[in-house]
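Colleague: Build the 3D model from these lines:
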Amino acid sequence: MAESKLKIIPLGGLEQIGMNITAFEYEDSIIVVDCGLSFPEDDMLGIDLVIPDITYLRENIEKVKGFFITHGHEDHIGAIPYVLKEINVPIYATKLTVGIIEHKLREHDLMRTVKRKIVKYGQHINLGCFRVEFIKTNHSIQDAAALAIYSPAGVVIHTGDFKVDYTPVFGDAIDLQRLGEIGKKGVLALMCDSTNAERAGFTMSEKTVGKVLDTIFTDHKNKRIIVSTFASNVDRVQQIINCAYNHGRKVVIEGRSMVNIISTATELGYIHIPEHTLIDIEQLKDYPDELTVLITTGSQGESMAALSRMASGMHRKVTIKPNDLIVLSSSPIPGNEKAVTKIINELSIKGADVIFQDVHVSGHACIEDIKLIYSLVHPKYAIPIHGEYKHLKAQAKIAEELGVSKENIILLSSGDVLELDENSAKVTGRVHVGDVMVDGLGVGDVGNIVLRDRQHLAEEGIIIVVLTLESGSGMVIAGPDIVSRGFVYVRGSESLMDEARHILNGTMDNCMNKHITDWGRIKTEIKDALGDFVWKEMKRRPMIIPIIMEV
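Modeller: Model prediction:
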């Protein structure tokens, strides 16, 4: 019998799409499910990635037993190399997921220090107070798994990202039977993917995309075809390769992430490329356009992805031609619509035809699929996960319709500590959570103050005032000279700059007359005088940085 309660602590992944990481704690044991990143918001200037703040795990490092990863998408594995530098515990995941994680570990030189364990479906892993079982699911990347987490307080099923696909391109369909078996024995809580909880019906099978692609290839026999999709959607890439092979076309794979994942999937046997079908991008010129297909990244309008560089004419090896057909085989992620529209317009201006509708199916469960899981699992508590608040709310409504009592549906925020057992479930506290920003090689060294400065520089520009004072007397020997960037074009604003210098000369004379020699005071006087003048003249507030030298 359980004496303690099970704690479920989401450290990220709620109120947003991305950065999924959840801690499960029972007495002296903590296991962590997923460890993802999110991509920067528009106002995070210069930031490359955002990873979760793992202060809670660091403070309880002696309890942390291991990471369990549901699948190989960036929003579930992207933070692993950064987090494992601080919390080095074993990783448990399926074969393809481990393969993709290992590629990341190699880049960060962590292969020798991090233990990885490949887990098969149906296998149970015992760690501390927990036993974790991997259950087969379907998603837009292969080897996705749901987790049955057995604790003394009861069983929690964590679906990971999933869909119900009865006819997957590779491997078996989701193991509904096993979910039903666990459901019959009694499930304390279900943590279910909410991404498509607002969409009616069932999610279409990935195989339906293959039929659409085949029709496109048949209808455009005289065009070069460029297909852009998510690098991680190995099944989609397999179907594109199958279509190319059936229509006698050679295939080029372009884009760093695409090349990395496809080579890993090929090595591990998750993708089959017929002999002599794949060619190097350098060989593209040796074949007529109508006998080639390019599979590339950039379907979300990412500025540095291969398709974006082709659209803007910056790609070194591929030039978009009027006879090209571009297929965007993905839906825009919320927030990326503008970037995707921009790409479509740029490609259309170059004369290419663009197809962007009906060439994609989601990797997430819609309402009827979610209902199916609830009906099989019969959880006492429903804890919607993976999504913005509106998605979690939509799933809460589904759970209520299916008979889960309202007080047993728990909508969490990142950082909440949920304590539950058979008798009760309530949020008893909060832990520290947040965003850690990665900029180049710096992790966490850019915070809100630096971002605020970057925003200021981006919006208003900068003025640097340089002057030289005589040591001892404090008299001005040289300057003040004014250097500006991003404020006004200096050559077109000589009169403004001359007047600014005049203002600064007056300010320095005033300081000398009042015998002000403290550099801090002088800098404040310069900032105030120049700031007031610029605001009066231009209604702008650039960043003003005085630099004083002494000789």
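Colleague: hey, let's count contacts and neighbours off CA atoms from now on
Modeller: Will do.
Colleague: Do a quick rundown of the helices in the stretch 301-450 of the chain.
Modeller: Using DSSP state H, counting those that start in this stretch, the helices of the stretch 301-450 of the chain run over 306-311, 337-349, 367-377, 389-401, 448-460.
Colleague: most tightly surrounded among these?
Modeller: helix 306-311 (a mean of 24; mean count of other Cα atoms under 10 Å).
Colleague: which stretch in the helices of the stretch 301-450 of the chain has the least confidence?
Modeller: Among the helices of the stretch 301-450 of the chain, helix 448-460 carries the lowest mean pLDDT, a mean of 73.
Colleague: could you point out which element follows that helix?
Modeller: Using DSSP states H and E, the helix or strand that follows helix 448-460 towards the C-terminus is strand 462-469.
Colleague: Which strands and helices lie in contact with that next one?
Modeller: In terms of contacts (3 or more Cα pairs under 8 Å, 6 or more residues apart in numbering; DSSP states H and E), strand 462-469 is packed against strand 476-485, strand 543-550.
Colleague: Using TSV, please lay out these together with distance to residue 207.
Modeller: What follows is the helices and strands packed on strand 462-469, written out as TSV (distance: least, Cα to Cα, whole Å):
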stretch	distance to residue 207
strand 476-485	54
strand 543-550	56
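Colleague: okay, and for the chain, where does confidence drop off?
Modeller: The chain contains residues with pLDDT under 70 at 1-3, 42-46, 440-442, 444-448, 451, 472-474, 489-493.
Colleague: Contact partners for the nearest residue to residue 201 once chain neighbours are set aside?
Modeller: Leaving aside its sequence neighbours, residue 201 sits nearest to residue 368 (Cα to Cα, 6 or more residues apart in numbering; 5.2 Å). Counting by Cα atoms under 8 Å, 6 or more residues apart in numbering, residue 368 makes contact with 200, 201, 202.
Colleague: Tell me the most packed of those, by neighbour count.
Modeller: Within the contacts of residue 368, neighbour counts (other Cα atoms under 10 Å) peak at residue 202, which reaches 18 neighbours.
Colleague: With residue 147 as the reference, measure out to residue 411.
Modeller: With distances taken as Cα to Cα, to the nearest Å, residue 411 is found 20 Å from residue 147.
Colleague: Ok, residue 344 next?
Modeller: According to Cα to Cα, residue 344 and residue 147 sit 39 Å apart.
Colleague: Where do the strands of the stretch 201-350 of the chain begin and end?
Modeller: Ranges of strands in the stretch 201-350 of the chain, per DSSP state E, counting those that start in this stretch, are 224-228, 250-254, 292-296, 324-328.
Colleague: I'd like these laid out as a markdown table, including mean neighbour count and distance to residue 374.
Modeller: Output for those, formatted as a markdown table (neighbours: other Cα atoms under 10 Å; distance: least, Cα to Cα, whole Å):
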| stretch | mean neighbour count | distance to residue 374 |
| --- | --- | --- |
| strand 224-228 | 23 | 35 |
| strand 250-254 | 22 | 40 |
| strand 292-296 | 24 | 37 |
| strand 324-328 | 24 | 34 |
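Colleague: Distance to residue 131 for these - can I get that in a markdown table?
Modeller: Shown next, in a markdown table, are these (distance: least, Cα to Cα, whole Å):
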| stretch | distance to residue 131 |
| --- | --- |
| strand 224-228 | 40 |
| strand 250-254 | 41 |
| strand 292-296 | 40 |
| strand 324-328 | 42 |
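Colleague: Out of these, flag the one nearest residue 316.
Modeller: Distance to residue 316, taken as Cα to Cα, is lowest for strand 250-254 among those, at 11.8 Å.
Colleague: now for that closest one, which elements pack on it?
Modeller: Using 3+ Cα pairs under 8 Å, 6+ apart: strand 250-254 touches helix 234-246, strand 292-296.
Colleague: most packed of these?
Modeller: Counting by mean count of other Cα under 10 Å, the most buried of the helices and strands packed on strand 250-254 turns out to be strand 292-296, with a mean of 24.
Colleague: Quick check: the gap between the residue nearest to residue 201 and residue 5.
Modeller: Distance from residue 368 to residue 5, counting by Cα to Cα: 32 Å.
Colleague: Likewise for residue 36?
Modeller: Counting by Cα to Cα, the gap from residue 36 to residue 5 is 27 Å.
Colleague: Check residue 332 too.
Modeller: Residue 332 sits 41 Å away from residue 5, going by Cα to Cα.
Colleague: Looking at those two, which is more packed in?
Modeller: Neighbour tally, residue 332 and residue 5, criterion other Cα under 10 Å: the higher count belongs to residue 5, 21 against 17.
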